[in-house]
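J.: give me coordinates for this.
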Amino acid sequence: MLTVIHLEFNLFCLFIIAVIICQIMTSVNKAASRRFFMILAIGIASALLVDSVCAAVDGSSFKGASLINGVANAFYFSICSIVACIWSKYAILHINIKFTRKIDAIMVLPAVIVSFISFYSLNSGWIFSIDDSNHYVRGPLFFIHIVVSFGYLLATFVYIVILKITKKYTCSVHAINFILLFYVLPIVGAIFSTAFAGMPGLWPATAMSLTMVYIDMQDEAILTDGLTGLNNRKVLRNSFQYYVKNVSPDNLLVIYMIDLNKFKQINDTYGHLVGDEALVNAANILKQFVSDTNLLLVRYGGDEFLMIGLLNNEKQAEIYKDKLLTSFDNWNRDNTDKIYRLNTSVGYQIYHEGDTLEGMIEKADNYLYEQKKKRR
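T.: Alright, predicted model coming up:
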């Protein structure tokens, strides 16, 4: 009965993962992050398939059953460590941390070692063995598999928590919070399947977590600007309504409009690829700026960006405007090797009862162009 339940869980999750893989393969979005996500999905699907073979063959008495059981378990333990490694790499890449070749090699090494020991266990019985009744039995070095697989998850989880606490990340707050959340189900599933050998736990839980991530990716794609990775204009309406409800004497709603000066000149002189690079650099400056605030950052269109949020008073709004201009000046000072300068103008508008989103944006835009004329 338990074997039937185990197989039903695995096959159901395998079907879901297969659908996700097909969706990614037929998608026009060929971003590197999605390709890496597909590799992760294929790894989890492989683990579900091999786990199903192990559950179905364990204890069977047909000819060759013992060999199939042994090889399937060797593959299973190898895949566990490999998928844990891929999962950790995907989580770190998701928050925009890039790997060097040296770090990449160090990360992969434990998974390679466990894979070697897993297949060597067919003779040595170190991690597992198959008894005379064709039943899987844990070996004396089974803990190595646990240490490596859990080690990947735990080390990456701690690393991301540290990044969150120290605010040393360049992705959105939502992205880092979601990455932390999607660790919960695999860890719970791993603990359950380790405590109760033969019960489904780790891979169904991991498949459910992967499905959650995929759904979030789809939502994020709808609300994210493809070039800069910032929020797009679609998030503004709901955000504005939320902020309006929380306006008080100590919480002023402020909208900032930010525009790059002479951006057309960069495009016309150096080409659109350099222009795109300039927009990405401008977006990174703004990301760094808002990381120390409660403001929501949006790419409004072209070379225009928008920030919206609650501030304590009008003086703080003016201070933020000056700090923002200084951030761009500092970038220019630190990047003298660039063939272009990033100069910007900033305008803002404070909410008054009855103001609309469009009206505030128009007033902030008018203020911006007044500032642009002064800076010229």
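J.: residue 297: which element?
T.: strand 296-301 (DSSP states H and E).
J.: buried residues of that strand, list them for me.
T.: 296, 297, 298, 299, 300 (16 or more other C-beta atoms under 10 Å). (Each C-beta comes from the backbone N, C-alpha and C, glycine too.)
J.: then stretch 321-335?
T.: Result for stretch 321-335 [16+ other C-beta under 10 Å]: buried residues 321, 324, 325, 328, 331.
J.: residue 137: which of those is nearest?
T.: residue 331 (61.2 Å; C-beta to C-beta).
J.: re earlier: got CSV for the buried residues of stretch 321-335, with pLDDT, distance to residue 214 and secondary structure too?
T.: Below are the buried residues of stretch 321-335 laid out as CSV (pLDDT from 0 to 100; distance: C-beta to C-beta, whole Å; DSSP: H, G, I helix; E, B strand; the rest coil):
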residue, pLDDT, distance to residue 214, secondary structure
321, 91, 40, helix
324, 91, 36, helix
325, 91, 40, helix
328, 93, 37, helix
331, 93, 35, helix
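J.: could you export these as JSON lines, including distance to residue 236?
T.: Compiled in JSON lines, the buried residues of stretch 321-335 are given as follows (distance: C-beta to C-beta, whole Å):
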{"residue": "321", "distance to residue 236": "20"}
{"residue": "324", "distance to residue 236": "19"}
{"residue": "325", "distance to residue 236": "23"}
{"residue": "328", "distance to residue 236": "23"}
{"residue": "331", "distance to residue 236": "26"}
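J.: out of those residues, give me the two with the largest separation.
T.: 321 and 331 (16.5 Å).
J.: return the closest of the buried residues of stretch 321-335 with respect to residue 141.
T.: Of the buried residues of stretch 321-335, the one sitting nearest to residue 141 (C-beta to C-beta) turns out to be residue 331, at 52.7 Å.
J.: the closest residue to residue 61 other than its chain neighbours in helix, strand or coil?
T.: Spatial nearest neighbour of residue 61, chain neighbours left out: residue 134 (6.5 Å); criterion: C-beta to C-beta, 6 or more residues apart in numbering. What DSSP: H, G, I helix; E, B strand; the rest coil gives for residue 134 is coil.
J.: neighbours of residue 134, just the number please.
T.: 18 (other C-beta atoms under 10 Å).
J.: on the three-state scheme, residue 256 is what?
T.: Relying on three-state DSSP, one would call residue 256 strand.
J.: can you give me the strands in the stretch 101-250 of the chain?
T.: 128-130, 136-138 (DSSP state E, counting those that start in this stretch).
J.: can you give me the mean pLDDT across the first one?
T.: For strand 128-130, the mean pLDDT works out to 93.
J.: and if you look at the last one?
T.: Along strand 136-138, the predicted local confidence has a mean pLDDT of 91.
J.: quick one, helices of the stretch 51-200 of the chain?
T.: 65-94, 101-124, 142-166, 173-181, 184-195 (DSSP state H, counting those that start in this stretch).
J.: what's the most buried one of these?
T.: Looking across the helices of the stretch 51-200 of the chain with neighbours counted as mean count of other C-beta atoms under 10 Å, the highest average goes to helix 65-94: a mean of 21.
J.: so residue 309 belongs to a strand, correct?
T.: Yes: counting by three-state DSSP, residue 309 is located in a strand.
J.: for it, give its distance to residue 289.
T.: Distance of residue 309 to residue 289, computed by C-beta to C-beta, to the nearest Å: 12 Å.
J.: which residues are common contacts for these two?
T.: With contacts taken as C-beta atoms under 8 Å, 6 or more residues apart in numbering, residue 309 and residue 289 have no neighbour in common.
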